[in-house]
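Novice: below: sequence and its predicted model.
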Amino acid sequence: MAMPGTEGQPLRVAIVGSGPGGFYAAEALLESGLQVEIDLIERLPVPFGLVRFGVAPDHAKLKSVTTVFTQIAEDPRLRFFGNVEVGRDVSVRQLGAFYHAVIVATGAAGDRRLGIAGEHLPGVHAAGDFVGWYNGRPECADLEFDLQQEVAVVIGQGNVAIDVCRILASPVDALRRTDIAAHALDALARSRVREIHLVGRRGPVQAKFTPKELRELGTLPGWQPRVDPAALVLNDASQAELTMPGFVHAPRNLDILRGFAQTPTDDGRRALHLHFHRAPVALSGATRVERIELEAQALSGEPGAQSAAPTGERLSLPAGLVLRSVGYRGTPLPGLPFDLVRGALPHRDGRVIDTGGKVLRGWYATGWIKRGPTGVIGTNRADSVDTVA
Ligand code: NAP
């Protein structure tokens, strides 16, 4: 019998998930020189995953990658099956029996929790749900976010945290020109949010956001970013990190934050406070969230590995709406192993492995479900090329 991937015996591959990881895996297979037949299986009725439902609506340029994905989808060797959920409509066992190879590219649809008192209170939400809501993600369409509250607190200092702050503070007329979901636009048009607190447990050098996104916070009409200059004083280890490879964005972030810190306070604009060295320790309220307790943090450890530890000093803030933006998390596929600590599929060089480290023949992973929720859309291209190789 001919080898799969040769004339008359195409390599049949299922790709589960049609976000960036899935599409880039399809592209790499189509360009591999092998005879391939690809079935792209998607839980939602429509493709593009995080590009469609995660990227902020006012970042249209980032979404233009769907043009590339559409070209990939037009290849006759690829079929798209929307509204098909692995574990509900088709099992892992069936996929393993029908295809030579299955590439799992399901991303990270879950969210990490803070693990603090009061997290269950109404008014406390995962930022990912808010993102899904304003992007029209079907399962988030009926969620309700109380934008009649005047003070919103966003926890975490990555780009998702910045996205949600910017959407909360953007003029509705600017959002009207985007593809934001109509229900979100209506609610944002009636928003009474006048104060936003963006809270990070470590310092400005360790913050995960990128300069372009941070700079945008300074361009929101009617809003003034505010930073306490004392929070920008660096310890020796943070100073050393500024020249380390893992901190390429830190020097520019620091410049932008120093600019924010110089703006005279209270010029009549609404305040967007950026807090550093503050970790949430409790949320409280009678029937819904009303306050958040923050505890001051001090950094310690070697450059590149500094962690935050409480100093004992506390700060209590009013908080009518709390969005925790502390990272996404992959969800298991029934029938496949799962690494609960990383929230991702255990793998070796892209091959799924079991708890004993043994390769599951024919099963592969790419994208966030493989390496965890880090990197930009383009990062998934190299990742998928590696897995397919
Ligand atoms: P992220 O970049 O990993 O940021 C997570 C943040 O949560 C970090 O500041 C982290 O602080 C903090 N955190 C984690 N656990 C916490 C806790 N228990 N208490 C307080 N803070 C906690 O994740 P993300 O913002 O969800 O973004 C995911 C990926 O998508 C990133 O690669 C991001 O760049 C990308 N993205 C890109 C764009 C864009 O290009 N415009 C937009 C959105 C997302 P520590 O560092 O101290 O852990």
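Specialist: Now that the structure is in, tell me what you want to look at.

Novice: so who does residue 47 touch?
Specialist: 18, 23, 40, 69, 73, 80, 82 (Cβ atoms under 8 Å, 6 or more residues apart in numbering). Bear in mind the C-beta positions are built from the backbone N, C-alpha and C, glycine included.

Novice: in which helix or strand would I find it?
Specialist: Assigned by DSSP states H and E, residue 47 belongs to no helix or strand.

Novice: and it, how far from residue 364?
Specialist: Distance, residue 47 to residue 364, using Cβ to Cβ, to the nearest Å: 20 Å.

Novice: now do residue 231
Specialist: 44 Å.

Novice: give me the more crowded residue out of these two.
Specialist: Counted by other Cβ atoms under 10 Å, residue 231 and residue 364 do not tie: residue 364 has more neighbours, with 24 against 16.

Novice: which strand residues bridge the more buried one?
Specialist: residue 103, residue 351 (DSSP bridges).

Novice: for it, what are its contacts?
Specialist: Residue 364 neighbours (Cβ under 8 Å, 6+ apart): 101, 102, 103, 104, 347, 350, 351, 352, 387.

Novice: check what pLDDT it gets.
Specialist: With respect to pLDDT, residue 364 has a value of 98.

Novice: hmm, back to that, okay, and which of the contacts of residue 47 map to helices?
Specialist: Judged by DSSP state H, helices contain the following of the contacts of residue 47: 23, 69, 73.

Novice: most neighbours out of the residues you listed, which is it?
Specialist: Counting by other Cβ under 10 Å, top hit in the ones in helices among the contacts of residue 47: residue 23 with 32 neighbours.

Novice: nearest residue to that residue other than its sequence neighbours?
Specialist: residue 69 (4.4 Å; Cβ to Cβ, 6 or more residues apart in numbering).

Novice: same question for residue 101.
Specialist: In this structure, residue 101 finds its nearest non-sequential neighbour in residue 13, 4.8 Å apart by Cβ to Cβ, 6+ apart.

Novice: quick one: distance of the strand or helix carrying the one you found to the chain centre.
Specialist: Assignment of secondary structure by DSSP H and E places residue 13 within strand 11-16. Centroid separation between strand 11-16 and its chain, computed with Cα atoms, centre = their mean, to the nearest Å, is 26 Å.

Novice: stretch 378-388 now?
Specialist: That offset, for stretch 378-388, works out to 18 Å (Cα atoms, centre = their mean).

Novice: how about residue 199, what does it touch?
Specialist: Counting by Cβ under 8 Å, 6+ apart, residue 199 has contacts 153, 154, 155, 156, 157, 275, 278, 279, 280, 294.

Novice: and the residue in the stretch 151-300 of the chain positioned nearest to the ligand, how far from residue 208?
Specialist: Closest residue of the stretch 151-300 of the chain to the ligand, Cβ to the nearest ligand atom: residue 158 (2.2 Å). From residue 158 across to residue 208, the span is 4 Å (Cβ to Cβ).
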